[in-house]
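Novice: need a 3D model of the sequence below.
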Amino acid sequence: MTGGTRRAAARFAGMAAVCLGLLAGCGNDTGKTENARLAGLAFNEIFGALKSNKGEAGPKVDPEALSAKALATTPGPLLLVSFEKLGGASVVGLYGENGAKRTFALSKDQTVTLRHGLLEATRGYANDLMSAETEDVGALIRGRRAGQAQRIQRYLDGEWVERPLILTCTVQPGEGKSFSFAGVGYSGTQVAEHCTGGGVSVDNVYLVSADGRILMSRQWVGPEIGNVSLQTLRP
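Specialist: Predicted coordinates:
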């Protein structure tokens, strides 16, 4: 990393074996009512799973307790990350920053990069998201405004050449939501994003603060990785 990149001294990158029952389906209804319903359902599922892991067999770690411990012992920005197909949650620290881009490290070789809270890249996973162009759709999401915009996500093909996946996305704000998690208060507007293109149909959901920060989200990484849930514990 060069230029404006800085490295944080502290990282919290242990993977906790916690089963998260998050939504896995992708809807086809782009209507306002359906988008708002999807946003509400997704946040209920995400937050409910994060709040409780009771009744499940095998070893488990409470993500809220894990988050509270990290907040008490680890300085700097912290993010709660869960890749649905991996079935676990991690609290991770900021690895590097370059302008609006922030990279968080889950392990030595696994990272996620966000731009203004929107997923821009992953490294160290199968069929990584190499890069993403989200400026236009991101402006709608962070502005909590209804509208349509394009996003482009790039992946490597079988010959290691980057190929774009062009998606047309409809953004629709929903209801407000407030809650507390690990001693941190959250308050914002639920925003639904429905995207289609290249033979795929994707639903992303966000909780956006009044000043346009994405506090919590469920975003589609790609066809092999699936969805990732992200929650800001400390900005």
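Novice: now stretch 149-169: how far from the chain's centre is it?
Specialist: Distance, stretch centre to chain centre, for stretch 149-169: 18 Å (C-alpha atoms, centre = their mean, to the nearest Å).
Novice: where are the low-confidence patches of the chain?
Specialist: Applying pLDDT under 70 to the chain picks out residues 1-61.
Novice: ranges for the strands of it?
Specialist: Listed in chain order, the strands of the chain (DSSP state E) span residues 78-83, 90-98, 101-105, 111-115, 118-123, 131-133, 147-156, 162-181, 184-197, 200-208, 214-222, 226-234.
Novice: distance to Lys69 and mean neighbour count for these - can I get that in a markdown table?
Specialist: Just so you know, the C-beta spots here come from the backbone N, C-alpha and C atoms, and that holds for glycine as well. Formatted as a markdown table, those follow (distance: least, C-beta to C-beta, whole Å; neighbours: other C-beta atoms under 10 Å):
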| stretch | distance to Lys69 | mean neighbour count |
| --- | --- | --- |
| strand 78-83 | 11 | 23 |
| strand 90-98 | 8 | 21 |
| strand 101-105 | 17 | 21 |
| strand 111-115 | 21 | 21 |
| strand 118-123 | 26 | 20 |
| strand 131-133 | 32 | 18 |
| strand 147-156 | 34 | 17 |
| strand 162-181 | 13 | 17 |
| strand 184-197 | 13 | 20 |
| strand 200-208 | 23 | 23 |
| strand 214-222 | 19 | 23 |
| strand 226-234 | 11 | 21 |
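Novice: would you turn these into a markdown table with distance to Ile141?
Specialist: Formatted as a markdown table, these follow (distance: least, C-beta to C-beta, whole Å):
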| stretch | distance to Ile141 |
| --- | --- |
| strand 78-83 | 18 |
| strand 90-98 | 21 |
| strand 101-105 | 17 |
| strand 111-115 | 12 |
| strand 118-123 | 7 |
| strand 131-133 | 13 |
| strand 147-156 | 9 |
| strand 162-181 | 6 |
| strand 184-197 | 5 |
| strand 200-208 | 6 |
| strand 214-222 | 7 |
| strand 226-234 | 13 |
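Novice: ok, which of the ones you listed comes nearest Leu66?
Specialist: Among these, the nearest to Leu66 by C-beta to C-beta is strand 90-98 (5.7 Å).
Novice: what about dumping the CA coordinates of that closest one to CSV?
Specialist: Extracted in CSV, the C-alpha atoms of strand 90-98 (Å, rounded to 0.1, in the frame of the first residue of the first chain):
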residue,chain,number,x,y,z
SER,A,90,-15.3,-11.9,12.9
VAL,A,91,-14.5,-8.6,14.4
VAL,A,92,-11.7,-7.0,12.3
GLY,A,93,-9.6,-3.9,12.5
LEU,A,94,-8.6,-1.4,9.9
TYR,A,95,-5.6,-2.6,7.9
GLY,A,96,-5.1,0.3,5.5
GLU,A,97,-6.8,3.5,4.3
ASN,A,98,-6.4,5.4,1.0
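Novice: parallel or antiparallel, which strands does that strand pair with?
Specialist: Strand 90-98 sits in its sheet next to strand 78-83 (antiparallel), strand 101-105 (antiparallel), going by DSSP bridges.
Novice: that'll do, ta.
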